[in-house]
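S.K.: give me a model of this one.
(6 chains)
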There are 6 protein chains.
Amino acid sequence: MSESDARTVLWGRQRERIEDRLRDLDPDLARYVLEFAYGEVYERPGLDLKTKELLACVMLMSLGNPDELKTHLRGALRAGASEEELRETLLFAIPYLGFPRVVGAMQALRELLEARKKER
Amino acid sequence: MSESDARTVLWGRQRERIEDRLRDLDPDLARYVLEFAYGEVYERPGLDLKTKELLACVMLMSLGNPDELKTHLRGALRAGASEEELRETLLFAIPYLGFPRVVGAMQALRELLEARKKER
Amino acid sequence: MSESDARTVLWGRQRERIEDRLRDLDPDLARYVLEFAYGEVYERPGLDLKTKELLACVMLMSLGNPDELKTHLRGALRAGASEEELRETLLFAIPYLGFPRVVGAMQALRELLEARKKER
Amino acid sequence: MSESDARTVLWGRQRERIEDRLRDLDPDLARYVLEFAYGEVYERPGLDLKTKELLACVMLMSLGNPDELKTHLRGALRAGASEEELRETLLFAIPYLGFPRVVGAMQALRELLEARKKER
Amino acid sequence: MSESDARTVLWGRQRERIEDRLRDLDPDLARYVLEFAYGEVYERPGLDLKTKELLACVMLMSLGNPDELKTHLRGALRAGASEEELRETLLFAIPYLGFPRVVGAMQALRELLEARKKER
Amino acid sequence: MSESDARTVLWGRQRERIEDRLRDLDPDLARYVLEFAYGEVYERPGLDLKTKELLACVMLMSLGNPDELKTHLRGALRAGASEEELRETLLFAIPYLGFPRVVGAMQALRELLEARKKER
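M.R.: Residues are numbered from 1 along each chain as shown, chains lettered A, B, ... in the order given. Just a heads-up that it's a prediction; the model follows:
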């Protein structure tokens, strides 16, 4: 896999840390996440990485999973989405998922944006 | 609202029929769908209509709603998505939603593609 | 249990048929539905039967179960809800559950109302 | 809108704080919550505000959203529901949603009741 | 992979037909189902195939997917589960998922048992 | 009920504390959990207790309820499941529920295993 694969773009310098944490949780789970989800499904052509991460965000909103959502909001930013595109993605979910999921997701976005400010 | 609003693109010549069917179901529900969901949320700038419809598709997969999914798979095609992009969107959902949702969605896509062939 | 228990009100002359169908499906499932869900939980004081059936309707909307929903929309009518109250209950769910669940529920309500017309 | 609208009843003296917090999260999300969800859907006639909040509570239980649930358990109390009616609403959900959702909701109710005691 | 792999046990003489149908739906989806879900995850040691199919059944109940559920109820029978074990598995789900999911699943089980009778 | 009933096995010396906590939350909820869920459904013959707890674990994963999941992962261990069987149960859920649910469940398992180490 080339250096420009999805994980390198989405996780950047955190890549090693994230992969170690997954392996530590369960080596086979890590293998399936890294080889199947990222190595295979994410590497498919046909949709750009930014679109993929926006799709991931609304699915995680639907599942009600704010921690994992935050990871993919960050991934979307790293894949080239603007803050405005993230806000529009969350707002677009209102007619499909209702307000409680979207209010929770906006809080996750705010926490992410604040954490990124501090990192600088 | 201009003639190029989301409903005109997504529903085309079916627009009047769809709106009548909604009004017949419940006039206030129709008003909220048409004024709030389409007139307001869909008309927001920041994401193109094709991306919006792909987001709608994965949320409807997550909700397990194959009929409504078919409507938005059709909408995505009308908004400029290729069949390949629809397939990639459904396949991308596997790591997030699991296989049963995606197999059901592929059956909905197949039924839609067959219906469109007959319409010609 | 008195003649005015929940099942008598909600199921009316269909009561025997419904209970037989459940027993035929599985005798222990029937026993739990009739003794625990209806005999115990539905008989609790503190909320009137109409409110209980409206609560049941929005939970079944949330679960995405249109057949069971139709049974409880009918139950709500039998417990004294007006058609308007049913419509208001479904519309009230929009901000919490989004439009796809509510459009599906309105179709179930319409089918129920048409079936009741024919029964007369 | 009159002073007796839903938000005034449900949020009381917290109204300004809640609306500011929403606007701070995202101004358009705030506008949709306040104008569409509250200004339009909650203001509909046909169901009293207490019934509406009980419906909101069971939908939020179904979505598995304990924080938002707490807000609407509080809203139900402010709209005139007794503690007993809240307990009955949560218990009534057992046959529809199962025990895990209801145990989680009872913990949310307990935390709310303890917080209200301290506020006095 | 040996002749005694999961697909051979679960699908029997239907195996070729099922795999063709999947490939016809989408060749990459078929590959992921056959290589990842069945070839990799189902072939893991540590749990016997009957237990795996019972786990699949309750997850499909939770997702509200009666067609896929029927396939795995059949799979559980082929993996050695008795009709009684299937009934117990569905009844055990009541406290976790509530009655509507279990009533729907019992109807799926009944349809499966009737179809199997006719096949003989 | 004999000393070897499900609660005694699953909860051990914590049994009194768990039952008191439930009663304190709501006496009727406690009664339904203890008499219906445990006293009736868990005591049914046909499936061993270990299998029942593994079924409970995947349903709680599907509902997205990590706290309750931890309780039943512990219950499964007390009912005789090995750590390996728990890992296999969680990994088996990947094709049905997707990765986010399983990653969250593995974190719950890790927290449980660490808490058990400290208890010794």
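S.K.: now the helices for chain A?
M.R.: Assigned by DSSP state H, the helices in chain A fall at A:6-11, A:15-25, A:27-31, A:49-63, A:66-78, A:83-92, A:94-97, A:99-119.
S.K.: ok, which of these comes nearest B:Leu54?
M.R.: Proximity to B:Leu54 (Cβ to Cβ) singles out helix A:49-63 among the helices of chain A, at 6.5 Å. C-betas here are computed from N, CA, C, even on glycine.
S.K.: please see if the closest one touches chain E.
M.R.: No. Figure legend: helix A:49-63 not in contact with chain E (Cβ under 8 Å from any Cβ of the partner chain); closest approach 11.7 Å.
S.K.: can you list the domain ranges for chain A.
M.R.: A:1-44, A:47-120 (automatic domain parsing).
S.K.: to F:Asn65, which of those domains lies closest?
M.R.: domain A:47-120 (10.3 Å).
S.K.: does A:Tyr42 touch A:Thr51 like I think?
M.R.: No. With contact defined as Cβ atoms under 8 Å, A:Tyr42 does not reach A:Thr51; the gap is 11.7 Å.
S.K.: so for those two, which sits in the more crowded spot?
M.R.: Neighbours per residue (other Cβ atoms under 10 Å in any protein chain shown) separate A:Tyr42 from A:Thr51, with A:Thr51 holding more: 23 against 20.
S.K.: what separation do you get for that one and E:Val41?
M.R.: 28 Å (Cβ to Cβ, to the nearest Å).
S.K.: circling back to that earlier point, same list (the helices of chain A) but as a markdown table, adding mean pLDDT and distance to D:Gly104.
M.R.: Shown next, in a markdown table, are these (pLDDT from 0 to 100; distance: least, Cβ to Cβ, whole Å):
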| stretch | mean pLDDT | distance to D:Gly104 |
| --- | --- | --- |
| helix A:6-11 | 94 | 32 |
| helix A:15-25 | 95 | 25 |
| helix A:27-31 | 98 | 26 |
| helix A:49-63 | 98 | 17 |
| helix A:66-78 | 96 | 16 |
| helix A:83-92 | 98 | 25 |
| helix A:94-97 | 98 | 20 |
| helix A:99-119 | 96 | 15 |
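S.K.: which ones are touching A:Asp28?
M.R.: Going by Cβ atoms under 8 Å, 6 or more residues apart in numbering or on different chains, A:Asp28 touches E:44, F:87, F:91.
S.K.: residues contacting the first one?
M.R.: Put plainly, it is E:Arg44. A:28, F:88, F:91-92.
S.K.: tell me the spacing between it and chain C.
M.R.: Look at E:Arg44 and chain C: by Cβ to the nearest Cβ, to the nearest Å, they are 31 Å apart.
S.K.: phi, psi for that residue please.
M.R.: E:Arg44 adopts backbone torsions of phi -60, psi 140, taken as degrees, to the nearest 10.
S.K.: one more: the one 4 residues further on?
M.R.: Recorded main-chain torsions at E:Asp48 are phi -80, psi 160, according to degrees, to the nearest 10.
S.K.: also A:Gly46?
M.R.: phi 110, psi -30.
S.K.: next up, the contacts around the residue most central in space within chain A.
M.R.: Nearest residue to the geometric centre of chain A (Cα atoms, centre = their mean): A:His72, 1.3 Å. Applying Cβ under 8 Å, 6+ apart to A:His72 gives the contacts A:53, A:56-57, A:60.
S.K.: what sits closest to it if chain neighbours are left out?
M.R.: A:Ala56 (4.4 Å; Cβ to Cβ, 6 or more residues apart in numbering or on different chains).
S.K.: residue contacts, the one you found?
M.R.: A:Ala56 touches A:72, A:75-76, B:92, B:96, counting by Cβ under 8 Å, 6+ apart.
S.K.: follow-up on the earlier one: buried members of the contacts of E:Arg44 into ChimeraX, please.
M.R.: Only the buried entries of the contacts of E:Arg44 go into this ChimeraX selection, using 16 or more other Cβ atoms under 10 Å in any protein chain shown:
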select /F:88,91,92
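S.K.: which single one of the contacts of E:Arg44 is nearest to C:Gly104?
M.R.: Nearest to C:Gly104 among these: F:Phe92, at 31.4 Å, using Cβ to Cβ.
S.K.: tell me the residues of chain A that contact chain D?
M.R.: Counting by Cβ under 8 Å from any Cβ, chain A sits next to chain D at A:64, A:87, A:90-91, A:94, A:98-104, A:106-107, A:110.
S.K.: just the buried subset of these, written out for ChimeraX, thanks.
M.R.: Per 16+ other Cβ under 10 Å, the buried members of those correspond to this ChimeraX selection:
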select /A:64,87,90,91,94,98,99,100,101,102,103,104,106
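S.K.: of the residues of chain A next to chain D, closest to F:Ala115?
M.R.: Nearest member of the residues of chain A next to chain D to F:Ala115, counting by Cβ to Cβ, is A:Gly64, at 24.9 Å.
S.K.: just curious, which of the contacts of E:Arg44 is nearest to B:Arg13?
M.R.: For the contacts of E:Arg44, the nearest to B:Arg13 is F:Phe92 (48.1 Å; Cβ to Cβ).
S.K.: before we move on, back to that, how much space between the residue nearest to the centre of chain A and chain E?
M.R.: Taken as Cβ to the nearest Cβ, the span from A:His72 to chain E is 21 Å.
S.K.: for chain A, what lies in contact range of chain C?
M.R.: Residues of chain A lying near chain C (Cβ under 8 Å from any Cβ): A:94-100.
S.K.: near chain B, from those?
M.R.: A:94-97.
S.K.: neighbour-wise, which of those leads?
M.R.: Result: A:Tyr96 is most packed of those (other Cβ under 10 Å), 28 neighbours.
S.K.: neighbours around A:Leu112, how many?
M.R.: 18.
S.K.: which residues touch it?
M.R.: A:Leu112 touches A:70, A:73-74, counting by Cβ under 8 Å, 6+ apart.
S.K.: and stretch A:76-84, how far out from the chain's middle?
M.R.: Relative to its chain's centre, stretch A:76-84 lies at 10 Å (Cα atoms, centre = their mean, to the nearest Å).
S.K.: how about the residue in chain A that chain E sits nearest to, what does it touch?
M.R.: Ranked by Cβ to the nearest Cβ, the top residue of chain A for proximity to chain E is A:Phe36, at 5.5 Å. Taking Cβ under 8 Å, 6+ apart as the contact definition, A:Phe36 lies against B:95, E:32, E:36.
S.K.: give me that answer again for 6 Å
M.R.: E:Phe36 (Cβ atoms under 6 Å, 6 or more residues apart in numbering or on different chains).
S.K.: for chain A, what lies in contact range of chain E?
M.R.: Residues of chain A lying close to chain E (Cβ under 6 Å from any Cβ of the partner chain) are A:Phe36.
S.K.: not counting sequence-adjacent ones, nearest residue to A:Pro45?
M.R.: B:Glu88 (7.8 Å).
S.K.: test my guess that that neighbour contacts A:Glu43.
M.R.: No. Between B:Glu88 and A:Glu43 there is no contact under Cβ atoms under 6 Å: 11.5 Å.
S.K.: any idea how far E:Met106 is from the residue nearest to A:Pro45?
M.R.: 38 Å.
S.K.: for A:Arg120, same thing?
M.R.: Taking Cβ to Cβ, one finds A:Arg120 at 58 Å from E:Met106.
S.K.: what of A:Arg44?
M.R.: Distance from A:Arg44 to E:Met106, counting by Cβ to Cβ: 39 Å.
S.K.: same question for A:Ala37.
M.R.: Applying Cβ to Cβ to A:Ala37 and E:Met106 gives a distance of 35 Å.
S.K.: what of A:Arg31?
M.R.: Distance from A:Arg31 to E:Met106, by Cβ to Cβ: 38 Å.
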